[in-house]
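>>> structure, please.
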Amino acid sequence: MDKLTILGLLVGLTGIATGQLLEGGGVDILFQGTAFLIVFGGTLGAVMVQCRMPVFLTAIKMGRWVFVEPKLNSQALLYELIDWSLVARKSGLLALEPRIEHVEDPFLNKGLQLLVDGASPEKIREVMEVEIHRWEQLRWQSARVWEAAGGYSPTIGIIGAVLGLMHVMQNLSEPSKLGAGIAVAFVATIYGVAFANLLFIPVANKLKNIIMRQSDMHEMIVDGLTAIASGENPRLLELKLQGYLE
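Here you go, the predicted structure:
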């Protein structure tokens, strides 16, 4: 669980609520179900219109990365590649074949299979870079779904504000109903801006950072596999791959 993400959300929300209290207002006015429905539903609909189903579903699944990041143990990966290099140098590439079934990561498994099959370093890099490109395209598009939500949300908030004001104008003869309409109008604007700047855009940026780190690990795998295929010295390979470590 990413404690900094949770702390950041708490700090942001607490700051808004505290500011409202210091201004003499009540926190309960910020809770408007109608405004939430307009902003959240409108933003969700706009995002669904923009993207394809696989991208949308991947974006939803990636959302949990903000709180629970995927494990990226680059140090363990380095040791594994060095171990493969030592085995290949001592016993040949075919000695790595029994290890294929124990590699759970699909990307790493595919690379090891190519290595055992005797593919040239150039062919390994060519095939794996296509795989990296395909993987990155889907993830980058999915991260942009959250970014797009951050762009739509404030505008949908304005729509909510206009709807609230329209409701107010329709009930000028009934003063008791004016307060609720005005509250929805302004709270919808707050929801739109708050969702964009406290949730959607920060989530998009965090996902991009995670994708970049995962891409670095994929590049590390490709460099390691091509070096093993070339028969590079394990010690030199270790020094080379250490550049990928944080």
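>>> C-alpha from now on. contacts and neighbour counts both.
Fine.
>>> give the contact list for the spatially most central residue of the chain.
The C-alpha lying nearest the average C-alpha coordinate of the chain belongs to Leu207 (CA atoms, centre = their mean; 2.5 Å). Residues counted as contacts of Leu207 (CA atoms under 8 Å, 6 or more residues apart in numbering) are Met62, Gly63, Trp65, Val66, Ala143.
>>> element containing it?
Using DSSP states H and E, Leu207 falls within helix 201-229.
>>> now stretch 8-25: mean pLDDT?
Averaging pLDDT along stretch 8-25 yields 83.
>>> low-confidence ranges, this structure, go.
Applying pLDDT under 70 to the chain flags the ranges 1, 175-181, 184, 246.
>>> circling back: tell me the one of the contacts of Leu207 nearest Thr155?
Ala143 (20.0 Å; CA to CA).
>>> how about the closest one, what does it touch?
Ala59, Met62, Ala204, Asn205, Leu207, Lys208.
>>> same thing but 7 Å
Ala59, Ala204, Leu207, Lys208 (CA atoms under 7 Å, 6 or more residues apart in numbering).
>>> tell me the domain ranges of this protein?
Under the assignment automatic domain parsing, the domains of the chain span 1-30, 32-244.
>>> just these: most buried one?
When you average the neighbours per residue for each of the domains of the chain (mean count of other CA atoms under 10 Å), domain 32-244 leads with a mean of 17.
>>> what's the end-to-end length of that domain?
Taking CA to CA, to the nearest Å, domain 32-244 runs 48 Å from one end to the other.
>>> picking up where we left off before, would you turn the contacts of Leu207 into TSV with secondary structure?
Shown next, in TSV, are those (DSSP: H, G, I helix; E, B strand; the rest coil):
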residue	secondary structure
Met62	helix
Gly63	helix
Trp65	helix
Val66	helix
Ala143	helix
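>>> check which helix or strand covers the closest residue to Val47 other than its chain neighbours.
Spatially, and ignoring its direct neighbours in sequence, Val47 is nearest to Ala149 (6.2 Å; CA to CA, 6 or more residues apart in numbering). Assigned by DSSP H and E, Ala149 belongs to helix 121-170.
>>> need phi/psi at the most far-flung residue of the chain relative to its centre.
Distance from the C-alpha centroid of the chain peaks at Ser173, with 49.4 Å (CA atoms, centre = their mean). Main-chain torsions, Ser173, degrees, to the nearest 10: phi -80, psi -10.
>>> how much space separates it from Val66?
In terms of CA to CA, Ser173 sits 48 Å off from Val66.
>>> do the same with Val193
20 Å.
>>> how about Gln113?
32 Å.
>>> cool, Phe195 as well?
15 Å.
>>> go on, Leu198?
13 Å.
>>> fine by me, we can end here.
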